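Asker: Predicted structure and sequence below. I'll ask about it afterward.
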Amino acid sequence: MLAWALPAHAAPQDFVATGAGTEATRLVDWVLASGDARGQPFAIVDKRAAHLYVFHPDGRLAGHTPVLLGSALGDNIVPGVGERTQNGTLRPEDKTTPAGRFEAAPGTNAKGEHVVWVDYDSAFAIHRLRPGFAYKTRNARLATTGSGDKRVSWGCVVAPVSFYEKVVERVLGQGRSIVYVLPERSPVQKVFDAL
């Protein structure tokens with residue numbers, strides 16, 4: 001059964017109160033009604049809104065935040081993107097945040113920083129805003145209201161430092177989790193039909 005055929009309002013009230021979009025709400029309804037997360041913490045990435053929602057295993061909302069996403073529009077993992085990310089030959093069109101259902105796990109990146117690997121082979125992770133030359137600019141983009149301003153990452157979901165440390169690392173970063181990424185170009189039913 002598709003998520004979109006299930007009764008509405010299964011989502012917890014704290015999540016509904018965030019004003020999340022219809023597709024994100026229906027996806028949360030489906031995850032909770034179907035038990036698809038199998039008792040694990042889970043997250044919803046709404047790419048159109050550039051927003052991340054993190055949930056405890058019991059479905060309670062742990063927190064939500066604007067995030068930075070891949071600078072290239074698209075919903076698919078580009079073949080070979082993980083290798084190109086590691087060797088520094090990433091092309092502009094490779095920098096997509098892929099849509100779908102992912103079984104995620106905590107780990108570290110090449111610099112030893114804590115990340116949540118959403119898809120290790122494609123180097124797709126949720127991580128904190130990193131220090132460096134672009135920190136101030138990216139931090140300012142996180143504070144804007146426009147989702148278009150948040151399209152600057154290499155494809156990863158980049159969260160504010162305090163949110164990453166207080167929510168992502170404590171909830172998703174302690175073991176296995178499920179990350180659902182809503183599409184921006186493909187129909188939602190096409191991406192989540194297998195669910």
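Answerer: Alright, I've got the coordinates.
Asker: pull the longest strand from this protein.
Answerer: What stands out as the longest strand in the chain, according to DSSP state E, is strand 100-108.
Asker: where exactly do the helices run in the protein?
Answerer: Using DSSP state H, the helices of the chain run over residues 13-16, 22-34, 81-87, 135-143, 161-163, 188-191.
Asker: hmm, who's touching the fourth one?
Answerer: I take that to be helix 135-143. Here helix 135-143 makes contact (Cβ atoms under 8 Å, 6 or more residues apart in numbering) with 66-68, 129, 149-150, 152, 158, 160. Yep, even glycine has a C-beta here, placed from its N, CA and C like the rest.
Asker: Among the residues you listed, which one sits closest to residue 179?
Answerer: Closest approach to residue 179 among the contacts of helix 135-143 (Cβ to Cβ): residue 67, at 11.9 Å.
Asker: quick one, what contacts the residue nearest to that closest one when sequence neighbours are not counted?
Answerer: Counting by Cβ to Cβ, 6 or more residues apart in numbering, residue 52 is the residue found nearest to residue 67 once chain neighbours are left out, at 4.6 Å. Applying Cβ under 8 Å, 6+ apart, we find residue 52 in contact with 43-46, 64-67, 126, 157, 159, 168.
Asker: can you do 7 Å?
Answerer: 43, 45, 64-65, 67, 157, 159 (Cβ atoms under 7 Å, 6 or more residues apart in numbering).
Asker: Now intersect these with the strands, please.
Answerer: Going by DSSP E, the strands hold 43, 45, 64-65, 157, 159 from those.
Asker: so who does the residue nearest in space to the middle of the chain touch?
Answerer: The centroid of the chain falls nearest to residue 45 when counting by Cα atoms, centre = their mean (3.6 Å). Residue 45 makes contact with 52, 157, 179, 181-182, according to Cβ under 7 Å, 6+ apart.
Asker: Spatially, which two of these are the most separated?
Answerer: Among the contacts of residue 45, 157 and 182 lie farthest apart (Cβ to Cβ), at 11.9 Å.
Asker: before we move on, back to that, output the contacts of helix 135-143 in TSV; the columns should cover pLDDT and distance to residue 108.
Answerer: Shown next, in TSV, are the contacts of helix 135-143 (pLDDT from 0 to 100; distance: Cβ to Cβ, whole Å):
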residue	pLDDT	distance to residue 108
66	96	25
67	97	20
68	95	20
129	93	17
149	89	29
150	92	25
152	90	23
158	96	16
160	96	20
